[in-house]
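Engineer: coords below, sequence missing:
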């Protein structure tokens, strides 16, 4: 499976001043996050109670596509058009393990800057 970086292009100083900033908000899109809580997390015994903030994990999952949409819009008085594409996935099965041996690096696409941080 080929992995691609989801890292956003760097923003200019003017763009950074336009809104609230969190440590990762300028690096990755918020909607690329995956949150697993409570009972489903407890089933993931490989990482439950073992991970810390900043750890790198490897995820393999199966999901059902439940929505595919594309929209185009334009605000009144604004010539800039907005296009949005969206795919919504329902995870049905997931596995997750710690990346202790650096195996994560091998799956990244060539030219990706998001290699495992040392």
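Structural biologist: Alright, I've got the coordinates. Since we're looking at a predicted model, the values are computed, not measured.

Engineer: Now do the same for stretch 75-87: mean pLDDT, whole number.
Structural biologist: Averaged across stretch 75-87, pLDDT comes to 85.

Engineer: let me redo that: stretch 40-60
Structural biologist: Mean pLDDT, stretch 40-60: 86.

Engineer: Need the distance between the two termini of it.
Structural biologist: 15 Å (Cα to Cα, to the nearest Å).

Engineer: got the buried residues for stretch 43-58?
Structural biologist: 44, 47, 58 (16 or more other Cβ atoms under 10 Å). In short, each C-beta sits where N, CA and C put it, glycine included.

Engineer: what's the closest of these to residue 85?
Structural biologist: Checking the buried residues of stretch 43-58 against residue 85 with Cβ to Cβ, the nearest one is residue 58 at 26.7 Å.

Engineer: what is the closest one paired to in the beta sheet?
Structural biologist: For residue 58, the beta-bridge partners under DSSP bridges are residue 97.

Engineer: Check the offset of stretch 55-69 from the chain's centre.
Structural biologist: In terms of Cα atoms, centre = their mean, to the nearest Å, the centre of stretch 55-69 is found 10 Å from the chain centre.

Engineer: List of residues touching that stretch?
Structural biologist: 34, 47, 51, 84-99, 103-104, 116-117 (Cβ atoms under 8 Å, 6 or more residues apart in numbering).

Engineer: residue nearest the centroid of the protein?
Structural biologist: Residue closest to the average C-alpha location in the chain (Cα atoms, centre = their mean): residue 32, at 3.1 Å.

Engineer: got a pLDDT number for that one?
Structural biologist: pLDDT, read off for residue 32, is 85.

Engineer: Kindly reformat the buried residues of stretch 43-58 as CSV containing distance to residue 64.
Structural biologist: Converted to CSV, the buried residues of stretch 43-58 look like this (distance: Cβ to Cβ, whole Å):
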residue, distance to residue 64
44, 19
47, 23
58, 22
